[in-house]
Structures are given as C-alpha cells and as structure tokens.
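Student: please work out how this folds:
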Amino acid sequence: MKVAIVIILIIASVAAWTQIYFILKERGELKIKFEAISAKANSLIEENRKVKSEIEYFSVPENLEKELKSKYNYRQPDEKMIIVVP
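Tutor: Numbers count the residues shown, from 1 in each chain. Here you go, the predicted structure:
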C-alpha cells in the first residue's frame with residue numbers, strides 16, 4: 001500500500017513540475033512579445049509626437065509659406081525670385 005502511495009506521489013510530482021515548466025516557458029515567450037510590442041508602442045508614441053510638432057509648426061501660415069518657398073520654389077505673384085544653383 002505504501003509503495004502505491006509513493007508511486008502516486010511521484011507521478012503527481014512529475015506532472016506538477018511538467019506543468020510548472022510549461023507555464024514558465026510560456027511566460028518567457030509572452031515577456032519577449034510584450035517587450036517587442038512595448039518597443040513598437042514607444043516608437044509610435046515618438047513618431048506621433050513628431051507629427052504633432054510638425055502640425056503645430058505648419059499651422060502657422062508664415063512657416064508654411066517659408067517651407068513652400070524653400071522646397072518648391074513657390075513665390076507670390078508680386079515677388080521676384082532668384083534661384084542660385086551651386
């Protein structure tokens with residue numbers, strides 16, 4: 001009778017340790033996924049901050065006009081422009 005109880009305890013112990021192993025393994029995988037998602041979220045937050053900054057900058061008409069002039073050679077009808085080529 002004692003042998004049967006010992007065998008049952010050993011089997012239960014092995015089953016419990018097996019479950020603990022699989023739980024720890026899954027926890028590690030989830031931790032890696034969480035870190036990857038967290039890093040992506042942080043980069044998106046930074047990108048969002050930059051976009052908001054650009055929106056604020058370009059919402060001022062003078063800044064928008066300055067950028068149009070520098071990038072696209074925009075000029076007002078009454079303005080004269082000289083383009084210097086290096």
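Student: list the helices and strands the longest helix seen in the chain packs on?
Tutor: Criterion DSSP state H: the longest helix present in the chain is helix 2-58. In this structure, helix 2-58 makes packing contacts with helix 61-72, judged by 3 or more CB pairs under 8 Å, 6 or more residues apart in numbering; DSSP states H and E. Just so you know, the C-beta spots here come from the backbone N, C-alpha and C atoms, and that holds for glycine as well.
Student: and the angle for the helix it packs on with helix 2-58?
Tutor: Orientation note: helix 61-72 sits at an angle of 90 degrees relative to helix 2-58 (axes from the mean of the first three to the mean of the last three CA atoms, to 10 degrees).
Student: tell me the centre residue of the chain?
Tutor: What sits nearest the mean C-alpha location of the chain, by CA atoms, centre = their mean, is residue 40, with 1.4 Å.
Student: from residue 33, how far off is it?
Tutor: Per CB to CB, to the nearest Å, residue 40 is found 11 Å from residue 33.
Student: next: residue 46.
Tutor: When distances are taken as CB to CB, residue 46 and residue 33 turn out to be 21 Å apart.
Student: list the buried residues in the lowest-mean-pLDDT helix or strand in the chain.
Tutor: Lowest mean confidence among the helices and strands of the chain (mean pLDDT, DSSP states H and E): helix 61-72, at a mean of 85. Neighbour-count burial for helix 61-72, counted by 16 or more other CB atoms under 10 Å, picks out no residue.
Student: using CSV, write down the CA coordinates of stretch 43-54.
Tutor: Only the C-alpha atoms of stretch 43-54 are listed here, as CSV (Å, rounded to 0.1, in the frame of the first residue of the first chain):
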residue,chain,number,x,y,z
SER,A,43,8.4,54.3,-31.3
LEU,A,44,4.9,55.1,-32.4
ILE,A,45,4.5,57.5,-29.5
GLU,A,46,7.7,59.3,-30.5
GLU,A,47,6.5,59.4,-34.1
ASN,A,48,3.2,60.8,-33.0
ARG,A,49,4.9,63.5,-31.0
LYS,A,50,7.0,64.5,-34.1
VAL,A,51,3.9,64.6,-36.3
LYS,A,52,2.1,66.8,-33.7
SER,A,53,5.1,69.1,-33.6
GLU,A,54,5.0,69.4,-37.4
